[in-house]
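J.: Provided below for reference: sequence and predicted model.
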Amino acid sequence: MLELKDLSEDVKARVELSEQQNMTVRVEVLNWLSKINFVEVRVEQILQQGDLEVEKKCLGSCCPKNFWSSFKLGKKVSGNTITIVNLLGVGRNFDSVAHRAPRVRVDEMPIGLTVGLDWLYKKVCSCLTEDKVGIIGLYGTGGVGKTTLMKKINNEFLKTKHQFGVVIWVSMSKQASVRTAQEVIRNKLQIPDCMWQGRTEDERAREIFNIMKTKRFVLVLDDVWQRLDLSEIGVPPLPLLDDQNKSTVIITTRFMRICSDMEVQATFKVNCLTREEALALFLKKVGEDTLSSHPDIPNLAEAMTERCRGLPLALVTVGRAMAHRNTPQEWEQAIQELEKNPSEISGVENQLFDVLKLSYDSIRDDITKSCFLYLSVFPKEYYEVRNDELIEHWIGEGFFDGKDIYEARRQGHKIIEYLKNACLLEAGDGFKECIKMHDVIHDMALLIAQECGNRMNKTLVCESLRFVDTGRVTSWKEAERISLECTELKTFPSGFFQFMPLIKVLNLSATHRLTEFPAGIERLINLEYLNLSMTCIKQLPTEIMNLAKLRCLLLDSVHSLIIPPNLISSLSWLQLFSMYDGNALSTYRQALLGELESIELLNELSLSFRSVEALNRLLSSYKLQRCMRRLSLNDCRKLFCLELSSLSLSYLETLCLFNCLQLEDVRVNIERAYDIPNPELILRNKQYFGKLRDVKIWSCPKLQNLTWLVHATGLESLSIQSCESMKEVISHDYGASTSEHVRVFTRLTTIVLGGMPLLESIYQGTLLFPALEVLCVINCPKLGRLPFDANSAAKTLKKIEGDVNWWYGLQWEHETIELTFFKYFSPQYLADAIHVSG
C-alpha cells in the first residue's frame, strides 16, 4: 500500500502541474485517483478490524474466538491486495495525465478606457460582415489608438454571435518575424509538438495552411512594421476560400505604405481625437477627486488638454501624471513644463516619447532623419509650412549636396511623402502643398535633436518681436539658423550680424515693415540660405557679394527692389534664385538675366516679367528657360502671341498670365530642338510640359482658347478669369475625330472659370477627369454643358460651385447623369469671379 501511496502522490503532482498549464486532466486519471482514495479508506477499515480480531483471541492462545469473522477479514485483505496490484499497474502506465484543453474561439484582451472610436469601430465591424473585404488595414501615428480599437473589436466577439471559428491575435512589434507569427498561430490552433518541433518555416507554414483553410477565421496582425507575406506564415489566400470559410485579416501599422504593400482592400486612418473627445479622456484619467479639489483646475485641465492635440497616448500619460495634483500652482507649473520641456513631466519620456521614437528609429537613412529633425526649426503651434519652402531650407542646409536642384526637389518631395506615410507629418489643413507636424511629434523631434547635439542653441525661431536689442542678440552667437518672421519688426541694432558668425540659414520673410537690410552681412561667411520674401527692403547691399557659400536667394513679393549691378553674378555658388510675384523684370532690367545666365551652378529660377523685351531675352536663352520653375507675365501690353518652347521649358511648374491686354494666342513651339540629348524622345511621347502643375490666366480679354494645355499632361490646377473673348477652353477641332474619351486633364484637381460671358465649352466631347475634386463656374452664362458623363470624376469629385440659374440651365445627355452630379452642387452667390489662393 505504501508503494501505491507514493505512486498516487506522483500522479497528483503531475495533475497539479497540468492544471497550472490550463490543461484538461484525463478522465481515466481522475477515476484512478478516486479509486485510490476508496482503497485507502477500505485498507484503513481492514486494519482497524484486524486490530479488534487480535484483541478477541483466546487468552494465551493464537486461535481466534470467531473463526468465521476471521475468514471474512482474510478474504477482504486478499481482494484489496489484488485491487492494489491492479491500480499499481494502471498508474505506472500513465504516459500523460492531461491533454490540452480546447482553446476558446476568442481570447479576451485587457483594454483600458476607449473614447472617440465609435465611428471607426462601426466601419471595421461593417467590413467584417462583408464577404468582399479580405484584408482590412488601420494606420496612424504611434499612440493614436489603433491597438485599443482592435482590442475593443476582439472582445466584442465574446459578446455577440458570429460565424468565425477562431480569432487569432498576433502582436508583431518592430522585431517580430514570420516565425513569431507562426508560433502564436500554432499555439492558438493547438498544433502538437510532433508536427512542429524541428520543422522548417515552410513546413510549419504548410501545417498552419492545412488547418486554417478549413476554418473561418479572423487574423489580427497588430503593429506591423514591414510587409509580411501571408503565404509564408501559412495563411490561405483569402479570395480562394469557399463561401463557408470566408475569412478576414486585419493589420494595424504606423505606415500607410504597409497597407498598399499588403494589398489591403479597406484602409482606414485612425485620427487624433476631437477637442471634446480629448477633454473627456483627459478628465477621466485625472479623476474627479483632483478636478473638484479647486475650482480653477477644470479650466487648467482644458488648457493642458489642448497641448496634447488629441493624441490618446499623450492624454493618458499626462492625465495620469496630473492625478492627485490638487493645487492650481502645480497645474500652472506643469503647463509651463509641457510647453518648454515636456520630458520633465512624469511618464512623458519613457511612456510617450519612447513609443513615438520607434517611428523615428525606423526611418531608412540619415538624410531622411536629418530632414525630419529639421522640422523642429519651425514653430510647433500647428504651424503649416509649404512643401517647397521646406525643401528649399533642406537644400540650403546642404542635405542634398551633389544633386542638381531638380533632383534635390524630387528627393525632397519623396522624403515628405515618406514621412507622411509614416504618420510623422500630416497634410496641411489649408492647401495640399503644405505640411504640418503634430505638437507632440514636434516635441519628440526637438528632444531627439538635442540629444544628437545638433540643435541646442543652434536654431532660433521668433514670430512676434517688435524690436531686437543688443542684449538679446549677444545670446545668438552659436546660432546656425535664425527665422524672424515678425510682422512688426522694423530695424536691427548696429552690428547685428557680428554676433552670429556661424549662421547658415537666415529667414527674414514676412517681416513686412523691414525697409533696410542690416549692415555687416559680409560677416556671414557661412550663410547658405537667405530669404527676404515679403519684406519692404528697398535695395540689396553690395556686401552680399561676399557670401561665397550662398546657395539659395529668395526675393518673392519684394516690390521695387534695387539690385546693384554685378551683385548676382558674383554669387558663384548660387543654385536657386527666386524673384517672383512682385519685382517684375522690365525693359530696363534685362541685365539681371545676363548675370543669372553666367552662374554655372544655377539650375532653378522663378521670375516675373512686365515687358516683352525682357521676356524675349529669357526666351532666347536655352539655359535660363531650362532653369525656369515659375514664370509670371504681368501687364505685358505689347505681347500679342506667346510662344512656349516645349523642350526648353520642360521644368516649368507654374505659369501665370495677368493683365496681358493684347494677348491673342498661346502656342507651343515644338519645332525648336536645342542642343539637348534625345529631344525626339520628348516629341515622340508628347511630354512637352510634363511638370507644369499650375496655370492661372486672368484678365487677358483677347484670348479665345487654351488648346495648348492638352500638352500639359501633369496639370493639376487651372484658373481662367476675366478673359472676355474666350469661347472654349479646348478648341472644338481637337479630338473631333474620335468618340472615345480623350486623355486631357487626367490629373486636374481644380478648375476655376469666372467672368467669361462668351464661354460656351470646356471641351466639345466628354472627359474622364479621374482626379477632379472641385469645379467652380461663376459668371459664365453661356456655358451650357459640362464635359461629363456618368464616369467622369466618379471617385474624386467633392464640389461643384456656381450660380443657381446657370446650374439649372445646364444640358445633360441623360437625366441620370444630372442626378449623379446634383449632390455635389453648392450654390455660389458671388457677382464677380472668385479668386483662389496659391
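T.: Thanks, I have the structure now.

J.: poorly predicted segments of the stretch 601-750 of the chain, please.
T.: 670-687, 735-742 (pLDDT under 70).

J.: can you check the stretch 401-550 of the chain too?
T.: 430-432, 452-490, 493-495, 499.

J.: and the stretch 101-250 of the chain, by the same measure?
T.: Scanning the stretch 101-250 of the chain for pLDDT under 70 picks out the ranges 101-103, 239-244.

J.: and the strands in it?
T.: 135-139, 166-171, 217-224, 248-253 (DSSP state E, counting those that start in this stretch).

J.: so which of the ones you listed comes closest to Ala771?
T.: Nearest of the strands of the stretch 101-250 of the chain to Ala771, taken as C-beta to C-beta: strand 135-139 at 22.5 Å. From N, CA and C alone the C-beta is placed, and that goes for glycine too.

J.: ok, and the closest non-adjacent residue to the residue positioned nearest the centre of the chain?
T.: What sits nearest the mean C-alpha location of the chain, by C-alpha atoms, centre = their mean, is Cys423, with 3.0 Å. Nearest residue to Cys423, sequence neighbours excluded (C-beta to C-beta, 6 or more residues apart in numbering): Thr141, at 3.8 Å.

J.: for the strands of the stretch 101-250 of the chain, which one sits closest to Asn634?
T.: Going by C-beta to C-beta, the one of these nearest Asn634 is strand 135-139, 44.6 Å.

J.: any idea of the angle the closest one forms with strand 248-253?
T.: For strand 135-139 against strand 248-253, the angle by axes from the mean of the first three to the mean of the last three C-alpha atoms, to 10 degrees is 20 degrees.

J.: re the thing from before, is it possible to get TSV of the strands of the stretch 101-250 of the chain that adds mean neighbour count and distance to Asp404?
T.: TSV is the format used below for the strands of the stretch 101-250 of the chain (neighbours: other C-beta atoms under 10 Å; distance: least, C-beta to C-beta, whole Å):
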stretch	mean neighbour count	distance to Asp404
strand 135-139	24	34
strand 166-171	20	46
strand 217-224	23	37
strand 248-253	25	35
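
J.: buried residues of stretch 434-452, list them for me.
T.: Under the neighbour-count criterion of 16 or more other C-beta atoms under 10 Å, stretch 434-452 has 434-450 buried.

J.: rewinding a little: which of the three states applies to the residue nearest to the centre of the chain?
T.: When classified by DSSP: H, G, I helix; E, B strand; the rest coil, Cys423 comes out as coil.

J.: ok, now how distant is it from Leu390?
T.: Cys423 is 17 Å from Leu390, where distance means C-beta to C-beta, to the nearest Å.

J.: same thing with Glu28?
T.: Relative to Leu390, Glu28 is positioned 73 Å away (C-beta to C-beta).

J.: these two - which one has more neighbours?
T.: Leu390 (22 against 11; other C-beta atoms under 10 Å).

J.: so that one makes contact with Gly412?
T.: Yes - when contacts are counted by C-beta atoms under 8 Å, Leu390 is listed as touching Gly412 (7.3 Å).

J.: for burial, what's the neighbour tally of Gly198?
T.: 7.

J.: got the contact list for the nearest residue to Arg186 once chain neighbours are set aside?
T.: Distances taken as C-beta to C-beta, 6+ apart place Trp196 nearest to Arg186, at 6.0 Å, with adjacent residues excluded. Residues near Trp196 by C-beta atoms under 8 Å, 6 or more residues apart in numbering: 186, 204, 207.

J.: just among those, which is most surrounded?
T.: Arg204 (22 neighbours).

J.: ok, now which ones touch it?
T.: 182, 186, 196, 234.

J.: dump those to CSV, plus distance to Ala548.
T.: CSV is the format used below for the contacts of Arg204 (distance: C-beta to C-beta, whole Å):
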residue, distance to Ala548
Gln182, 60
Arg186, 66
Trp196, 68
Gly234, 63
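
J.: any idea how far Val235 is from the residue nearest to Arg186?
T.: In terms of C-beta to C-beta, Trp196 sits 17 Å off from Val235.

J.: isn't Ile435 up against Glu384?
T.: Yes - in this structure, Ile435 is within contact of Glu384 by C-beta under 8 Å, at 7.0 Å.

J.: I figured Gln721 hits Pro701, correct?
T.: No - judged on C-beta under 8 Å, Gln721 makes no contact with Pro701 at a distance of 11.1 Å.

J.: those two - which one has more neighbours?
T.: Gln721 (23 against 16).

J.: and the more buried one, bridged to which residues?
T.: Following DSSP bridges, Gln721 is listed with bridge partners Trp698, Gly754.

J.: from now on call the first residue 873
T.: With 873 as the first residue, the last one maps to Gln1593.

J.: pLDDT below threshold where in the stretch 1123-1272 of the chain?
T.: 1216, 1219, 1221-1223, 1251-1255.

J.: how about the helices of it, start to end?
T.: 1128-1133, 1147-1158, 1160-1163, 1169-1180, 1184-1194, 1200-1212, 1226-1233, 1238-1246, 1259-1269 (DSSP state H, counting those that start in this stretch).

J.: and the stretch 1423-1572 of the chain, by the same measure?
T.: Using DSSP H, counting those that start in this stretch, helices in the stretch 1423-1572 of the chain cover 1463-1470, 1484-1491, 1494-1499, 1551-1557.

J.: enumerate the positions of the second one that are buried.
T.: Of the residues in helix 1484-1491, those scored as buried under the neighbour-count criterion (16+ other C-beta under 10 Å) are 1484, 1486-1487, 1489-1491.

J.: same question, the first one
T.: Residues of helix 1463-1470 classed as buried by neighbour count (16+ other C-beta under 10 Å): 1464-1465, 1467-1469.

J.: what sits up against that helix?
T.: 1435, 1437-1441, 1449, 1457, 1474, 1477, 1486, 1489-1490, 1493, 1495-1496, 1499.

J.: ok, so of the buried residues of helix 1463-1470, who is nearest Val1121?
T.: Among the buried residues of helix 1463-1470, and counting by C-beta to C-beta, the member closest to Val1121 is Leu1468, at 56.6 Å.

J.: from Phe1389, how far out is the closest one?
T.: For Leu1468 relative to Phe1389 (C-beta to C-beta), the value is 21 Å.

J.: thinking again about what came up before, joint contacts of Ile1307 and Glu1256?
T.: Joint contacts of Ile1307 and Glu1256 (C-beta under 8 Å, 6+ apart) are Gly1300.

J.: how many residues are close by Leu1639?
T.: 24.

J.: unless I'm mixing things up, it is touching Val1616, no?
T.: Yes - applying C-beta under 8 Å, one finds Leu1639 in contact with Val1616, separated by 5.9 Å.
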